[in-house]
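*Asks:* test case, fold it:
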Amino acid sequence: MCANSFVSLKFMNEPSSIHQFTTVTLEGKPFNFADLKGKKILVVNTASQCGLTHQYETLQKLYDQYKSKGLVIVAFPCNDFMNQESGTAEEIKEFCQRNYGVTFPVMEKIHVKGNEQHPIYKWLTSREENGFRNSWVKWNFQKYLIDEKGHLNGTVSPWSKPDTKKIIEWLNN
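*Replies:* Model prediction:
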């Protein structure tokens with residue numbers, strides 16, 4: 001038998017889904033990703049004191065434009081890059097609402113890399129977990145594209161705006 005004919009059984013089956021996860025909102029309430037079945041999900045790690053923080057504005061505009069078409073943006077504040085999200089849950093919530101009118105779900109502050117990496121980000125960044133590809137979180141505002149079945153479809157650089165062509169095309173397909 002040819003060596004190329006061996007295929008990992010894990011990847012012959014349906015890839016795992018983000019729908020297996022539950023996390024906690026800034027308000028301390030459970031947030032179950034299974035409730036998002038049938039919706040496209042844009043997961044983004046955020047920070048209030050970053051040079052890219054203005055992307056909150058574009059994220060909110062994108063959410064307003066596409067939420068009726070099944071888009072949910074889920075933000076995960078993190079302080080993993082140069083202490084750019086040092087605030088408490090209440091301070092983050094107030095900042096997002098006051099400065100950018102954020103209405104999409106914002107989760108509790110987590111770690112997106114390192115030894116304390118949150119399980120959702122382990123899933124997002126590990127091909128072994130997500131069945132798609134390995135990645136690493138380069139900076140605040142890295143975006144992950146999740147399809148209606150909860151499968152990872154791609155990543156978008158932190159430095160690319162939320163309304164970049166790649167994201168718009170993904171949303172419209």
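
*Asks:* wait, what's in contact with residue 52?
*Replies:* 139, 140, 141, 158, 159 (Cβ atoms under 8 Å, 6 or more residues apart in numbering). Just so you know, the C-beta spots here come from the backbone N, C-alpha and C atoms, and that holds for glycine as well.

*Asks:* redo that, cut-off 10 Å
*Replies:* 46, 81, 84, 139, 140, 141, 142, 158, 159, 160, 161 (Cβ atoms under 10 Å, 6 or more residues apart in numbering).

*Asks:* quick check on these: which are buried?
*Replies:* 46, 81, 84, 139, 140, 141, 142, 158, 160, 161 (16 or more other Cβ atoms under 10 Å).

*Asks:* low-confidence ranges in this structure?
*Replies:* For the chain, the stretches flagged by pLDDT under 70 are 1-14.

*Asks:* ranges for the strands of it?
*Replies:* For the chain, the strands defined by DSSP state E cover 22-24, 30-32, 40-46, 71-77, 143-146, 152-156.

*Asks:* dump these to TSV, plus distance to residue 101.
*Replies:* Formatted as TSV, those follow (distance: least, Cβ to Cβ, whole Å):
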stretch	distance to residue 101
strand 22-24	23
strand 30-32	20
strand 40-46	15
strand 71-77	13
strand 143-146	20
strand 152-156	22
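
*Asks:* for the residue positioned nearest the centre of the chain, which non-adjacent residue is closest in space?
*Replies:* Against the mean C-alpha coordinate of the chain, by Cα atoms, centre = their mean, the closest residue is residue 43 at 1.5 Å. Residue nearest to residue 43 in three dimensions, not counting chain neighbours: residue 144, with 4.3 Å by Cβ to Cβ, 6 or more residues apart in numbering.
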